[in-house]
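# mind folding the following:
(one chain, ligands or ions: 1)
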Amino acid sequence: MVITIPNVLSDNELKQYRQHLNSADWESGLSSAGEQSVQVKQNQQLHPESKLAQQLGDHILQAISESAKFVSAALPLKISPPMFNRYQSSGHYGWHVDNAIRIIPGTPIRLRTDLSVTVFLSNPDDYDGGELCVKDTYGEHQIKLLAGDMVIYPSTSLHQVLPVTKGQRLASFFWVESMVRDHEQREILFDLDQTIQTLGADHGLDNPQVITLSALYHRLIRLHVNT
Ligand code: NI
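Take a look at the predicted model:
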């Protein structure tokens, strides 16, 4: 399931991000590509251990931790430090699958990539192309969101970024190891939680059926959390 979450970053925050990123030192994206990705990757990244990447990344972690929809969709156990990339001048990233395991830079911590996340930092009007295409069991999705919006998709999905033929596309990306490893179990929990939130808003969180459904949700969480 591909899930989008709007307005993770405000217009003011985005303005500051773009100012910092426009004057940053970018390096070839090949430095973090695996053997297969090297063949198809043409973009730029901030060095993951640079001070700027760490500062902006910490800020994104703070923003997503305050997003109830993100927490419900991802049920995060570990989140990799957000990285930043730039596509311009026909830059692209052909079809690939993200590595199943990532080592968090500068640490011995390993993370199983259950979910891949992209936060769009450029306005879609400011560049041509650059759609994120994700293939899942329902077909192919083409994703190009407003600046500040976020997309979450299973890391097992084949995906690509189409060439940016005009302007530049700035984004942040990271991976989540979820407390619920199985995608179907996690999706059912997410749909149930979203439904409870909607019912709670319509009928009040003290509605007896809403309370019963909440209790069932938490019983299912206990069944499915594998930590
Ligand atoms: Ni990827």
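
# which residues in this structure form helices?
11-22, 51-65, 68-74, 183-203, 208-224 (DSSP state H).

# need those helices in JSON lines with distance to residue 116, can you?
Heads up, the C-betas are built off the backbone N, CA and C, glycines and all. Shown next, in JSON lines, are the helices of the chain (distance: least, C-beta to C-beta, whole Å):
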{"stretch": "helix 11-22", "distance to residue 116": "20"}
{"stretch": "helix 51-65", "distance to residue 116": "14"}
{"stretch": "helix 68-74", "distance to residue 116": "11"}
{"stretch": "helix 183-203", "distance to residue 116": "12"}
{"stretch": "helix 208-224", "distance to residue 116": "21"}
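
# pull the CA atoms of the longest strand along the chain into CSV?
As assigned by DSSP state E, the longest strand anywhere in the chain is strand 164-178. Extracted in CSV, the C-alpha atoms of strand 164-178 (Å, rounded to 0.1, in the frame of the first residue of the first chain):
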residue,chain,number,x,y,z
VAL,A,164,14.1,15.6,-14.2
THR,A,165,14.2,17.5,-17.5
LYS,A,166,13.7,21.0,-16.1
GLY,A,167,14.5,22.7,-12.8
GLN,A,168,15.5,20.7,-9.8
ARG,A,169,13.9,18.2,-7.5
LEU,A,170,15.0,18.2,-3.8
ALA,A,171,13.8,15.5,-1.5
SER,A,172,14.6,13.7,1.8
PHE,A,173,14.4,10.0,2.0
PHE,A,174,14.8,7.4,4.8
TRP,A,175,13.8,3.9,5.8
VAL,A,176,11.7,2.5,8.7
GLU,A,177,12.0,-0.9,10.4
SER,A,178,8.5,-1.4,11.7
